[in-house]
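Build me a model from this:
(6 chains, ligands or ions: 3)
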Amino acid sequence: MRTTDPVNFAFSRLRLGALAAALPLLALATPALAAPPPPKIDSGDTAWMLTSTALVLLMTVPGLALYYAGMVRKKNVLATLMQAFAVCCLVSITWTVIGYSLTFTTGSPYIGGLSRFMLGGIAANIAQGTDIGFTLGLGSSNPTVTTIPESVYMMFQMTFAIITPALIAGAFADRMKFSAMCIFMVVWSLVVYAPIAHWVWSPIGWLNTLGTLDFAGGTVVHINAGVAGLMCALVLGRRTGYGHDDMSPYNLTYAVIGASLLWVGWFGFNAGSAVGANGRAGMAMAVTQIATAAAALGWMFAEWIVKGKPTVLGIISGAVAGLVAITPASGFVLPGPAIVIGVAAGVGCYFAATSLKHLLGYDDSLDCFGVHGVGGIIGALLTGVFAYAPLSATGTTPATSGTAGSFAQLIIQGKAVCVTLIWSGLISFVLLKIIDLTIGLRVSRDDEVEGLDMTLHGERIS
Amino acid sequence: MRTTDPVNFAFSRLRLGALAAALPLLALATPALAAPPPPKIDSGDTAWMLTSTALVLLMTVPGLALYYAGMVRKKNVLATLMQAFAVCCLVSITWTVIGYSLTFTTGSPYIGGLSRFMLGGIAANIAQGTDIGFTLGLGSSNPTVTTIPESVYMMFQMTFAIITPALIAGAFADRMKFSAMCIFMVVWSLVVYAPIAHWVWSPIGWLNTLGTLDFAGGTVVHINAGVAGLMCALVLGRRTGYGHDDMSPYNLTYAVIGASLLWVGWFGFNAGSAVGANGRAGMAMAVTQIATAAAALGWMFAEWIVKGKPTVLGIISGAVAGLVAITPASGFVLPGPAIVIGVAAGVGCYFAATSLKHLLGYDDSLDCFGVHGVGGIIGALLTGVFAYAPLSATGTTPATSGTAGSFAQLIIQGKAVCVTLIWSGLISFVLLKIIDLTIGLRVSRDDEVEGLDMTLHGERIS
Amino acid sequence: MRTTDPVNFAFSRLRLGALAAALPLLALATPALAAPPPPKIDSGDTAWMLTSTALVLLMTVPGLALYYAGMVRKKNVLATLMQAFAVCCLVSITWTVIGYSLTFTTGSPYIGGLSRFMLGGIAANIAQGTDIGFTLGLGSSNPTVTTIPESVYMMFQMTFAIITPALIAGAFADRMKFSAMCIFMVVWSLVVYAPIAHWVWSPIGWLNTLGTLDFAGGTVVHINAGVAGLMCALVLGRRTGYGHDDMSPYNLTYAVIGASLLWVGWFGFNAGSAVGANGRAGMAMAVTQIATAAAALGWMFAEWIVKGKPTVLGIISGAVAGLVAITPASGFVLPGPAIVIGVAAGVGCYFAATSLKHLLGYDDSLDCFGVHGVGGIIGALLTGVFAYAPLSATGTTPATSGTAGSFAQLIIQGKAVCVTLIWSGLISFVLLKIIDLTIGLRVSRDDEVEGLDMTLHGERIS
Amino acid sequence: MKLVTAVIKPFKLDDVREALTPLGVQGLTVSEVKGFGRQKGQTEIYRGAEYHVSFLPKVKIEVAVSDDLVDQVVEAILQSAHTGKIGDGKIFVSEILRAVRIRTRETGEDAL
Amino acid sequence: MKLVTAVIKPFKLDDVREALTPLGVQGLTVSEVKGFGRQKGQTEIYRGAEYHVSFLPKVKIEVAVSDDLVDQVVEAILQSAHTGKIGDGKIFVSEILRAVRIRTRETGEDAL
Amino acid sequence: MKLVTAVIKPFKLDDVREALTPLGVQGLTVSEVKGFGRQKGQTEIYRGAEYHVSFLPKVKIEVAVSDDLVDQVVEAILQSAHTGKIGDGKIFVSEILRAVRIRTRETGEDAL
Ligand SMILES: Nc1ncnc2c1ncn2[C@@H]1O[C@H](COP(=O)(O)OP(=O)(O)O)[C@@H](O)[C@H]1O
Ligand SMILES: Nc1ncnc2c1ncn2[C@@H]1O[C@H](COP(=O)(O)OP(=O)(O)O)[C@@H](O)[C@H]1O
Ligand SMILES: Nc1ncnc2c1ncn2[C@@H]1O[C@H](COP(=O)(O)OP(=O)(O)O)[C@@H](O)[C@H]1O
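Ligands and ions are numbered 1, 2, ... in the order given. Sure thing, here's the model as predicted:
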């Protein structure tokens, strides 16, 4: 629940439940009571969150896996699929063991605690069919009450923890050692992802209390992955043959399937971040669709005008840029601004991926930074500009109790962006250097030339 | 909500809600009061509609995109994917700007109004977490009350508005200019789709008040797209090399993935058209599955008998034919009739696509008319024959208050089919002619021979 | 609802409904009354079950179809896709006609009755919008009451009946006649699947009353299909050229897409088996994810250590093995044991598929037995070891009223495994022999060498 | 015997085959090749990365013919593969010392 | 030196390679080709549209051998590629003027 | 005229083409082939089934040149395709009796 006053919001949701129906006045009158009765889960909200979890998993496997694999040369297609699949498995276990606990238990403003180590206690509330809704920040001064079981909340968030590192793989495609990648991803998910997610999404996280708006992960997921990708591109160096060899995509069909599944799955990502099946989820889905379409067209027309032809890779890249940019904004903005955000992201990322990158000369192979980093920044900032208060309102006076776009809010958003850029950039850099000095980051030149499918995995597509 | 007396239906649904639980007698006693209190949304219904929206988007990208791309030659695979993807983006924006307003605001029996231009006002009811269910035909004498937020209704319908023009692309595959296609699709969605959808689905639409049954879009979506496709095939003319060159599909694997995703997504299309998670949705899903299987087997066995071998392209084509034919019937018929509708569609479309087309000599490349037009007509007419009254019943006497199949109903269905054929055929033809005379519809012969992937988009699959 | 005391459970669920809200004490006080008022459906539970149905269909088409097709040689890719697609259609009709009735009507402990022949009567309860929840084992001494319409329950179970025979196709890939396959699958679904499913899942089924725990189909689906596959491999004999020809997979990309969609769809399979959107569904989804990740890593590392390279085919095979093994356990175990089950399945199936098979010398082409049979056995047995009582508890004393893992339970699980192995093995063998002696099971050597795509279906991928 | 090798535009393949059949040519072997020549290749741009693809898809036809048929075969290819535009391709003729049909072990012109 | 070119049925490739190794043939080059000949192609029907595919998949083996090995090589291919059914393929022998191994610049028969 | 056929490592293709252009070579034809030779193939293991893939991907370049250019062309290929590692490939030279450009019907060296 990413609202600024989530308790009230949750309570007003509660009024839909059978329990609260009996005592709505009391519920409204005493929102901040120390120990409210634990909320019943809502089966509709739970149904949507279970669905959203499946949709976000679909984004990584096979969505992202195909999106990236469709852009590389034939000799690296399987290795690229393998990266996303392996990250999915590795982070699932990491999250189970300690990641979830560090991110979503109450802890301090800087990191969660260890009370959910190995997910201990997560089943406590489901016995007897009297499932109790999960409370985020339990015991803190600012708990967020939800109407879904903790197991579902944990799973939904796991799929976010999976896709974020998987996105980074776009930057080092075609040249990173598989073993190094495994280690990097596991550690990164704990030392970069977990803290940033805690800062932004825990009700007592320091970026949250600063007032940062990030509905579904513009900073936590996209800027974070984008800048980590940039570090990978810089530390690993360019692909062998960069600028000389033909590195055209083997089969963009895969990329189109992947981008399409990202799009469909992103409904779970953004509308699921409403943590319920309600009007805010509906609006989040609507603006997701609108911004994505606008960004896809933005990139396509920019390319059509500049280069003379609209390309398939262009339109799908634009769509992904739009999905990225609307992510932080999705529960906060209306359709009109969604178009603006979409066009800005589509055109902005087009120039980032096609001009800026070549200008600066780093080889972010599949534009992890150009699309996720830049798109995420555009979205995070514009959220501060376009937020429409009633969407996040929780009290009885919508226009004032929600957060509206303003110059002050833009500044707050800017701060959160900078914090993410710095923390993720710095820690990722250090991590990469350590791995490089110990087991090495990059495959040998010969292996790279022969292709990772055969040299790392002993397989090939015929 | 495609029922004949939706208000009652909605009210009886309401009894499940907490609010109504307090006053069920009153609610039942006064179903037609001028100003009933606005309904609360139901989180379960909303969850299913959010899911359905994702499923229907999945039908177009990547479903339909792959289904079509898997049937063309290698040189046109990407261009075919591009068509579906671009239509998805273009119509999303068109719908946001004006399409939704024209289709689903109350307006007149012939077209909606402008009150939702740029989706203005769509967020009005979601503040404070007290989301209010959307009322279709608000202010008219015959409003339909739903239990989902308007944003969700709008999004669900957007995915229908997207797939309908995207279907047309099957008819002009391999030869239409991308620019011409973009313009055609945008205008078509406003001057053909929006009015027909309003006629059939608005509670005051003139085909609706005539008594037309079309649960999920047999006329609005499939006949409509089918006949528009036929016009494209006629106006554009045959593919170069038709009847001489080897135009066998490059990779039917893509077509199988596409058809499968169409099947899965169609559950959202048909069961989602119940606008809620209820028994009618369940029955709609069941008959969708049954008719699809029957049609797939119908086509497969017909081909096996006639040509000696059951083909993969045959069984998937049959499945799509079945999905099309059950679409208008899905909320109205029982499993037994679903088998009949399926077999009729499978065998009927088999002959339409393999014999009729060659007899008449037009080149409907991927059988947009042969499958969607013919399948849609079969389904629309048989809905009038097989409708089982209790499924659409809203009053307390199910056998009489719903619509049952009858000769009279068959005539009504026939009228709706004819109206659609004429309006869509005529306007599509005029539109195509205008575009042909201005910017031109068809790529040059050389470009066609070289393939659209390279000539239109500058890309290729290796 | 796979609980040992489902009536109580259902009633405690009911308290969430509006009806029960009015009389919670009464509901609790009289759980075992002979004729409780029929339950209202819950829209949230229904929404999740509709979604789960779509997800499980996604597992077969295109999931399983691609998973298998990605492992065969180019000349058999389409034929392999065809198998899954055709089984999907054939079993849909078989299930509609008689399969559902035989499996899920009350009948005797050994087989259901004929009261739902052609699904007669399935629409009885949906009129007037007052949908009534389906009661499994109605009229028996031990009815299970659900909160979803019967149409949805029937559809959800249909998707299970579809995927089970489709799994068998992995064993006889590349050499079975399509006609023989069609006949085998239809008959098998009635004489092997229907009885076993009834024994285990009907509240009065004899394996159920024995105390067998099988949440989502470890015995019913996976062991069952696995051993039937083994029989196919034995009766059909090895592929021509086995051990000599290069039979390396044509395009593992398809297999990765397939395995990923299996993973995503399996959320519907396992979490959907809670027949509602509740905490148990959430836990089932969580352990599914965790066991799958653990198994994928288990297989990958086993292979990495033994053969020197982690492979893409390995990690996806491990994932499927984990999904299989957690299936019977998913509603009964906690995250910790899920990791154990996953690792056991990943490593166990790795050795089964790579060593055991070659040792014994049968040609189970795509490891139907090695993954589904062996993985299913591991999962079924470990469910008896690790079951955590509160998850299946239905009374007010969670620790005692649910089923906990124990040596006694392990023995019960062992019995169910043996019964399944024997019944499925025996009947499958007889069935195969009969078909072999009448129309023949296997294609000619020449046809096999040329490839099934061309010889059986007259199509090819270029 | 001679081996006539022709590199032609892909979409001309069927025309060439149809032109050869009346001459009594009973068989030929075809490969997909890429050609580099006077005909310009294309520049492809993928997200701003430009690749100049100098190789264009061509089809190579190899047909073994008896000495007295060579001229007719060359002429037939010249006519049927001709578009007049750059990139139409080439015909090369070389000597075959021996030819054998694997099925029957026939040799020489009988093998063709 | 001679170049022996054999067009054979694809599934015979491994057999042919195994038959050549004992003769001392140390290398060969293989391409996937399509053959047109006496062996009938197939008619494929996609939704009622019939395409006669006259070209069948074949494999072309090229092996450069010293003059004294030619007969043995031809014989070995004849035996190992033989099924006796139409479409077994052909062997052509032609002259090589020069051969060089790129790695070592060895020439002539040393290069093979 | 001569036909120079070179079987090389795939990633050397662009280097070879670039090395030939300065010599005045205006065209060449390339095919993807698989090579069997001294260079070991790889063993691939799919779920425990081992397949020894003896054939490695190579690229075959065919270039027709006038007699006086042959030596230079062979030399240029030798240099540009060389890595010094096993599997670098071979060059074969053979005789062309006739060459025709399909577009213009030019023959002989004018056709190249
Ligand atoms: N010297 C050559 N040796 C081998 N193949 C050649 C040679 N020159 C041209 N080709 C082939 O012929 C094709 C057509 O040649 P090109 O110079 O483009 O046009 P044109 O045929 O009109 O002369 C090339 O793509 C290439 O495959
Ligand atoms: N004259 C020819 N020139 C080149 N290749 C030929 C010729 N005739 C046949 N071939 C090749 O040999 C293959 C087999 O020939 P075909 O006539 O079908 O049967 P058979 O080998 O039994 O005579 C053909 O598919 C073709 O690839
Ligand atoms: N006798 C031959 N005839 C035809 N092609 C050959 C012959 N020997 C080798 N080749 C080709 O040359 C390639 C390289 O040969 P190989 O023996 O592996 O290494 P090297 O080139 O270092 O001698 C082979 O893969 C094969 O394509």
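
Check whether residue A:124 sits in a helix, strand or coil.
Under DSSP: H, G, I helix; E, B strand; the rest coil, residue A:124 falls in the coil class.

Count residues in the vicinity of residue A:187, would you?
Neighbour count of residue A:187, defined by other C-beta atoms under 10 Å in any protein chain shown: 16. For glycine as for every other residue, the C-beta is placed from the backbone atoms N, C-alpha and C.

What's the local residue count around the residue of chain D found nearest chain F?
Chain F sits closest to residue D:37 of chain D, with a gap of 3.5 Å, by C-beta to the nearest C-beta. Under the neighbour criterion other C-beta under 10 Å, residue D:37 is assigned a count of 23.

And residue D:40, by the same measure?
Using other C-beta under 10 Å: residue D:40 sits among 11 other residues.

can you pull the contacts of the spatially closest residue to residue D:69 that is not a sequence neighbour?
For residue D:69, ignoring the flanking residues on the chain, the nearest one in space by C-beta to C-beta, 6 or more residues apart in numbering or on different chains is residue D:23 at 6.4 Å. Shown in contact with residue D:23 (C-beta atoms under 8 Å, 6 or more residues apart in numbering or on different chains): D:69, D:72-73, D:76.

would a markdown table of these with neighbour count be doable?
Supplementary listing: the contacts of residue D:23 in a markdown table, determined by neighbours: other C-beta atoms under 10 Å in any protein chain shown:
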| residue | neighbour count |
| --- | --- |
| D:69 | 21 |
| D:72 | 15 |
| D:73 | 23 |
| D:76 | 21 |
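
Need those residues in TSV (columns: secondary structure and pLDDT).
As requested, the contacts of residue D:23 are exported to TSV (DSSP: H, G, I helix; E, B strand; the rest coil; pLDDT from 0 to 100):
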residue	secondary structure	pLDDT
D:69	helix	96
D:72	helix	97
D:73	helix	97
D:76	helix	97
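
thinking again about what came up before, kindly provide the distance from the residue of chain D closest to chain F to residue D:62.
Taking C-beta to C-beta, to the nearest Å as the measure, residue D:37 and residue D:62 are separated by 19 Å.

Next, the residue nearest to residue D:76 when sequence neighbours are not counted: phi, psi?
Using C-beta to C-beta, 6+ apart and skipping residues adjacent in sequence, the residue nearest residue D:76 is residue D:19, 4.3 Å away. The phi and psi values for residue D:19, taken as degrees, to the nearest 10, are phi -80, psi -30.

In chain D, what residue lies closest to ligand 3?
For chain D, the residue closest to ligand 3 is residue D:31, as judged by C-beta to the nearest ligand atom, at 15.2 Å.

tell me the pLDDT at that residue?
What the model reports for residue D:31 is a pLDDT of 97.

Mind telling me what element it is part of?
In this structure, residue D:31 is located in strand D:28-36 according to DSSP states H and E.

quick one: contacts of that strand?
With contacts defined as C-beta under 8 Å, 6+ apart, strand D:28-36 is touched by D:7, D:10, D:13, D:17, D:20, D:54-63, D:87, D:89, E:7, E:31-37, E:55, E:58, E:60, F:17, F:27-31.

hey, where'd the strands end up in chain A?
Secondary structure of chain A, counting by DSSP state E: strands at A:135-136, A:144-145.
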